[in-house]
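**Student:** the sequence and its predicted three-dimensional model are supplied below.
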Amino acid sequence: MSDVHKEIDRLFFAKEYKQALALVEYSMVYSPFDLALYRAKAKLYHALRDFKNAERWCTAMINHNMPAFDDYFSRSGVRNEIADYPGVIRDLDVAELLSKDSVELYLRRGGAHWEMRDWKRARADFARALELSPNHPDAIWINGLLDLQEGRFDTGWSRYEARWKSARFKSNRLVTSKPQWSPGSGLRRVLVWGEQGIGDQIFYASMLNRLRYEVDKVTMLVDPRLISLFQRSLPTIDFLPNISEVPVDEHDSHLPIASIGAQFVHSIDDIEQAASRRYLKADPARVAHIRERIPGGKPLIGISWTSAAVKIGPHKSISIEALKPLIDLTQYQFVNLQYTQGVTETVDPRILRTSINCRDDFENLAALLEVCDTIVSVSSSTVHLAGALGRPVYLLDANKLWYWGNKDGDRSLWYPSVRIFPRDNVLAPWMNVVERVREELSNDHR
């Protein structure tokens, strides 16, 4: 390796990407056919999140070289970033001809098949990754997610536990010397602790009553925004802010909330018994207060179109313009349930706005949802809250979360009041989903 290449690598690992790119461009003047410089340029543009140029230089590298696994794999990574999943699959099909022993190839291609709703090929790729590396955390976890989506809870939950060993999983784990609770353990005072997002905490809380039936005491560390709502709705359980320190003598065991399903749901048929229905209750005084201030005369539809999830939010979200066919239904009044901050698009003036902070004020959001006749929303904490309240929901589903795959017809098995309208695949226009929901709304309240 030349001194120039060493310096480029040094700058790259120091995250001095722009300086490294300048050195690459200078070096290419004198060595225009040095493929190592092509690779460096592609890698640097990728690091700078300039995916258009990263793809361009990956392609140049491929066109000027004998077929190489790393080159096709690199371009598939860029295409994965820009959600070109068919392109990812094409690149990895070629890469597989060059090497069949890359776990990351099968995980990435399986993920692309998942996004395109090709479950059979996704399952085959994830299984191959697990075959190549039976102890690989990501391979175990992603197989678990697909198991759970398909209702294979016997293997899904145990594989789902591998999330804690995956670098992709971002929740923090509770540090404790207490054992994890399980049925038959003889442990009677359980500290349940929240993980993942606030919507996940609402979802898994549906099984807290089932846990409480088994033990003497349940204390839960939860997002502070949920405490008063949870405490009123689930009075036999104690709720504390998730930053609280609980004295060690007040519990004899612990349980991450996303592990609660493993204790009680072993088949699709177990969901109805394990998960409570309408387990959250809005404050009646708040409901009455909001109802007095909402114009009457037409059925009220709450509407939300954007998810704030950092990684998958853009895939779950829809533009307000795409929802215009719904808003054009003059027999309804629409109210804004959008909780994201800094939304730049112009909201249709026909949609009512309230002073409720739908991101932080879950008590008033719950009351507003209780006033709505129907909720139309992308997958978000708002849908979880509405489902937990038992409110009718039309979910515009982008196929990003496993639990929306557990359904009877189009109804969620976890929240029977939620009807699921899935997108054909992650690249398909939302138009077909919106049109199906519009047809349903057109037939309602006649």
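**Tutor:** Yes, it's here. No experiment lies behind these values; they were computed from the predicted model shown. Residues are numbered from 1 along each chain as shown.

**Student:** give the next helix or strand downstream of the helix-or-strand element of the chain with minimal mean pLDDT.
**Tutor:** Lowest mean confidence among the helices and strands of the chain (mean pLDDT, DSSP states H and E): helix 313-316, at a mean of 65. Using DSSP states H and E, the helix or strand that follows helix 313-316 towards the C-terminus is helix 324-327.

**Student:** tell me what the following helix or strand past that next one is packed against?
**Tutor:** Later in the chain than helix 324-327, the nearest helix or strand by DSSP H and E is strand 333-336. In this structure, strand 333-336 makes packing contacts with strand 300-304, strand 351-352, judged by 3 or more CB pairs under 8 Å, 6 or more residues apart in numbering; DSSP states H and E. In this view, the C-beta of every residue, glycine as well, is placed from N, C-alpha and C.

**Student:** pairing partners for the longest one, with directions?
**Tutor:** Put plainly, it is strand 300-304. strand 333-336 (parallel), strand 374-378 (parallel) (DSSP bridges).

**Student:** likewise for the shortest one?
**Tutor:** Here strand 351-352 has these sheet partners by DSSP bridges: strand 333-336 (parallel).

**Student:** residues in contact with the partner strand?
**Tutor:** With contacts defined as CB atoms under 8 Å, 6 or more residues apart in numbering, strand 333-336 is touched by 294-295, 297-304, 326-327, 347-348, 350-354, 358, 368, 372.

**Student:** of the residues you listed, buried ones?
**Tutor:** 300-304, 326-327, 351, 358, 368, 372 (16 or more other CB atoms under 10 Å).

**Student:** how about TSV for those, with distance to Pro416 added?
**Tutor:** As requested, the buried ones among the contacts of strand 333-336 are exported to TSV (distance: CB to CB, whole Å):
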residue	distance to Pro416
Leu300	21
Ile301	19
Gly302	19
Ile303	21
Ser304	20
Leu326	23
Ile327	27
Ile351	27
Cys358	24
Leu368	21
Cys372	17
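
**Student:** where does this protein dip in pLDDT?
**Tutor:** Applying pLDDT under 70 to the chain flags residues 1, 307-315, 340-346, 445-446.

**Student:** show me the domain layout of it.
**Tutor:** Here the domain parsing of the chain from automatic domain parsing is 3-165, 189-274, 284-443.

**Student:** between the two ends of stretch 405-419, what distance do you get?
**Tutor:** 12 Å (CA to CA, to the nearest Å).

**Student:** list of residues touching that stretch?
**Tutor:** Residues outside stretch 405-419 that contact it (CB under 8 Å, 6+ apart): 148-151, 203, 206, 268, 271-272, 275, 277, 383-384, 386-388, 390-395, 403-404, 420-421, 440.

**Student:** among those, which ones are in helices?
**Tutor:** In helices, defined here by DSSP state H, the members of those are 148-149, 203, 271-272, 383-384, 386-388, 440.

**Student:** just the buried residues of these.
**Tutor:** 148-149, 203, 271, 383-384, 386-388.

**Student:** ok, these vs Leu105, which is closest?
**Tutor:** Nearest to Leu105, judged by CB to CB, of these is Gln149 at 22.0 Å.

**Student:** hmm, that closest one is touching Trp402, no?
**Tutor:** Yes - taking CB atoms under 8 Å as the definition, Gln149 is a contact partner of Trp402 at 4.1 Å.

**Student:** and Ala386, what does it touch?
**Tutor:** 302, 369, 372, 375, 377, 393, 417-418.

**Student:** burial of Leu97, as a residue count?
**Tutor:** Residues within reach of Leu97, counting by other CB atoms under 10 Å, total 11.

**Student:** just give the nearest non-adjacent residue to it, would you?
**Tutor:** Once flanking residues are discounted, Leu97 sits nearest to Pro67: 8.0 Å by CB to CB, 6 or more residues apart in numbering.

**Student:** can you give me the strands for the chain?
**Tutor:** Using DSSP state E, the strands found in the chain span residues 189-193, 217-222, 238-241, 253-256, 300-304, 333-336, 351-352, 374-378, 393-397, 407-408, 411-412, 418-422.

**Student:** so which of the ones you listed gets nearest Leu48?
**Tutor:** Between these, strand 374-378 lies closest to Leu48; by CB to CB that is 30.0 Å.

**Student:** distance of the residue lying closest to Ala95 once chain neighbours are set aside relative to His46?
**Tutor:** Closest residue to Ala95 apart from its sequence neighbours, by CB to CB, 6+ apart: Tyr72 at 4.1 Å. In this view, Tyr72 and His46 are 14 Å apart by CB to CB, to the nearest Å.

**Student:** just put the strands paired with strand 300-304 in CSV and tack on distance to Ala139.
**Tutor:** Shown next, in CSV, are these (distance: least, CB to CB, whole Å):
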stretch, distance to Ala139
strand 333-336, 42
strand 374-378, 29
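
**Student:** so of these, which one's packed in deepest?
**Tutor:** Counting by mean count of other CB atoms under 10 Å, strand 374-378 has the highest mean neighbour count of the strands paired with strand 300-304, with a mean of 25.
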